[in-house]
Each structure stands twice: as C-alpha cells, then as structure tokens.
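Visitor: pasted the sequence and its predicted model underneath.
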Amino acid sequence: MNNLLQEDERLDDLQINGYQIIQHPDKFCFGMDAVLLSGFASVKEGERVLDLGTGTGILPILLEAKTEGKHFTGLEIQPESADMARRSVMFNHLEEKIDIIEGDIKNASEIFGKASMDVVTSNPPYMTNHHGLKNPNDAKAIARHELLCTLDDVVRETAAVLRQRGRCYFVHRPSRIVEIFEAMRKYKLEPKRMRLVYPYVDKEPNMVLIEGVRGGGAQLTVEAPLIVYKEPGQYTDEIYEIYGLDK
C-alpha cells in the first residue's frame, strides 16, 4: 500500500483501529481541533454523516472508527487535499464506508440534496482577516482564512443538507461565538450544547465546540471546560482519552 504515498508525504498513526492518514508536511495538516471535534460529535447507529471542508479526511476517518454511523462523506474544494483524503481512505480499506467528494461547500446542498444527512461536522476557516497573506492560494491559507467560503456559507449549507432534527457539530474560535449563534439561528439551527477548550486551566479559551439541532427548541447546555495541558508537554487525562494515547 506504500505506493499510495507520493513524494514528501508521510503516514501518521491515528492511534485507533490501526488507521493511518496521509499528510504532506508543507501542506495543511490536521490539528487538535479536528481530533477534539471527533470526540465531541455524536453519531448514532445507521446515521449518514457529512464533513464540510474535510481537508485530508481526518474527521470521516476518526468518526468511522469511533461511532456506529452508516456512511461518512467528506467534501473538500482543494484537489490536492481531496486526493490525499481518498488515498487515506484506500490505505485504511474504508472505501465502502467513506466517500471523498471534491467540491465547493457553497454548493453542498446541490451536490448532496436537501435534508439528505443526519449529521454534519465542520472545522471551518477561523479567520476573516486576509491582510498580509503572501499567497492566498496556499493550502494553509485557504484552510485557515475565509478565502473560499464564509461562516455564513458553512452554516447555510449545513442547515440545507440536514434533515429535520438532524445535528451539526462545529469547532471554532470563542471570539466568534455570537456570530456563530446568530448565523445558526438565521438558518434554523438551534445551539444545544457548547464546550470551551482551554490550553491551560489559568489561560483564556482558544477553541469552542458547538452542537446544533435543525429545528430544535431553545435550550443551551454549557459543558464543563476542556483543559488541554496539565503543564507544558503533558496532556490532561481527558485529552489522552480523546486521542486514545497511553499516559
């Protein structure tokens, strides 16, 4: 299977089911936010899941390993990332469970059809400020900045592809919580669950995990904070558990 690797690419161990993922160190590699989202998202037996902006396919692969979902699809606009994701699916022999589709988030409901999914996940670009970008076409810039899609695009298409009472899961920056909630309610996605992620117990949060329900009632549960590090270089017990690592 090593013939699936191209020049300068590497295989990273995902610490679950023996799965590995193909990545390129000079391109955008998945981070902790994707792993934490895979631990926060709830996928029930028989459900169909769509990951918007899947990158190299990390969320579909992790969710296939962690849940009893029926089928997982990743949508990715960047050809190189989509190609790596497809090859990772092949490497892990998951072709019957995971599809990787090259396409634009802004067209997701046209690609997959309205009310076609039970669950949608997304780790969208966090930053709106494009000033100072040396190369707006760089894979890392596209993944981090709202160059090819906006938060509104992601939320709108999430709502469109979700069935009634379907669930969505986002990871984003705490500074944009109000904007996220406003967009969700605009498209009839009711925020139901939220968890803030802190690098250390005495630092400000740097991530937020959000669950929404299409057509849900108004009641938000704020879960206990998730702390990443006990001290520099040492994860908390919960992070070790999410990653599936030995302490």
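Guide: Looks like it came in fine.
Visitor: give me the distance between the two termini of stretch 215-227.
Guide: Using CA to CA, to the nearest Å, the end-to-end distance of stretch 215-227 comes to 31 Å.
Visitor: name the residues of the longest helix along the chain that come out as buried.
Guide: Counting residues, the longest helix found in the chain (DSSP state H) is helix 79-91. Residues 81-89, 91 are the ones in helix 79-91 that count as buried (16 or more other CB atoms under 10 Å). C-beta coordinates here come from the backbone N, C-alpha and C atoms, glycine included.
Visitor: moving C-terminal of the helix-or-strand element of the chain with minimal mean pLDDT, what's the next helix or strand?
Guide: None of the helices or strands of the chain scores lower by mean pLDDT, DSSP states H and E than helix 139-144, at a mean of 49. Next helix or strand after helix 139-144 toward the C-terminus (DSSP states H and E): helix 151-161.
Visitor: secondary structure class for V208?
Guide: Under DSSP: H, G, I helix; E, B strand; the rest coil, V208 falls in the strand class.
Visitor: got a pLDDT number for it?
Guide: At V208, the predicted lDDT confidence score is 97.
Visitor: what's opposite it in the beta bridge?
Guide: When assigned by DSSP bridges, V208 has beta-bridge partners H172, L196.
Visitor: what about stretch 27-35, how long is it end to end?
Guide: This stretch, stretch 27-35, spans 18 Å end to end (CA to CA).
Visitor: mind listing the helices in this structure by residue range?
Guide: Here the chain has its helices, by DSSP H, at 32-40, 58-66, 79-91, 108-112, 139-144, 151-161, 177-186, 237-243.
Visitor: burial count for I239?
Guide: For I239, the neighbour count with other CB atoms under 10 Å is 20.
Visitor: report pLDDT for it.
Guide: pLDDT, read off for I239, is 93.
Visitor: circling back: pull the CA atoms of the longest helix of the chain into CSV?
Guide: Output in CSV follows, covering the C-alpha atoms of helix 79-91 (Å, rounded to 0.1, in the frame of the first residue of the first chain):
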residue,chain,number,x,y,z
PRO,A,79,-7.8,18.9,-5.3
GLU,A,80,-4.5,18.0,-3.6
SER,A,81,-6.2,17.6,-0.1
ALA,A,82,-9.1,15.7,-1.6
ASP,A,83,-6.7,13.3,-3.4
MET,A,84,-4.7,12.7,-0.2
ALA,A,85,-8.0,12.0,1.7
ARG,A,86,-9.1,9.5,-1.0
ARG,A,87,-5.8,7.7,-0.8
SER,A,88,-6.0,7.6,3.0
VAL,A,89,-9.5,6.0,2.7
MET,A,90,-8.0,3.4,0.4
PHE,A,91,-5.0,2.8,2.6
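Visitor: run the chain-centre distance for that helix.
Guide: Counting by CA atoms, centre = their mean, to the nearest Å, helix 79-91 is centred 16 Å from the centre of its parent chain.
Visitor: for stretch 224-238, same thing?
Guide: Counting by CA atoms, centre = their mean, stretch 224-238 comes out at 21 Å from the chain centroid.
Visitor: how long is that stretch end to end?
Guide: 12 Å.
Visitor: before we move on, back to that, take the buried residues of helix 79-91 and write them to JSON lines, including pLDDT and distance to G53.
Guide: Listed next are the buried residues of helix 79-91 as JSON lines, based on pLDDT from 0 to 100; distance: CB to CB, whole Å:
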{"residue": "S81", "pLDDT": "92", "distance to G53": "9"}
{"residue": "A82", "pLDDT": "95", "distance to G53": "11"}
{"residue": "D83", "pLDDT": "94", "distance to G53": "15"}
{"residue": "M84", "pLDDT": "94", "distance to G53": "14"}
{"residue": "A85", "pLDDT": "96", "distance to G53": "11"}
{"residue": "R86", "pLDDT": "96", "distance to G53": "16"}
{"residue": "R87", "pLDDT": "96", "distance to G53": "18"}
{"residue": "S88", "pLDDT": "96", "distance to G53": "16"}
{"residue": "V89", "pLDDT": "97", "distance to G53": "17"}
{"residue": "F91", "pLDDT": "95", "distance to G53": "21"}
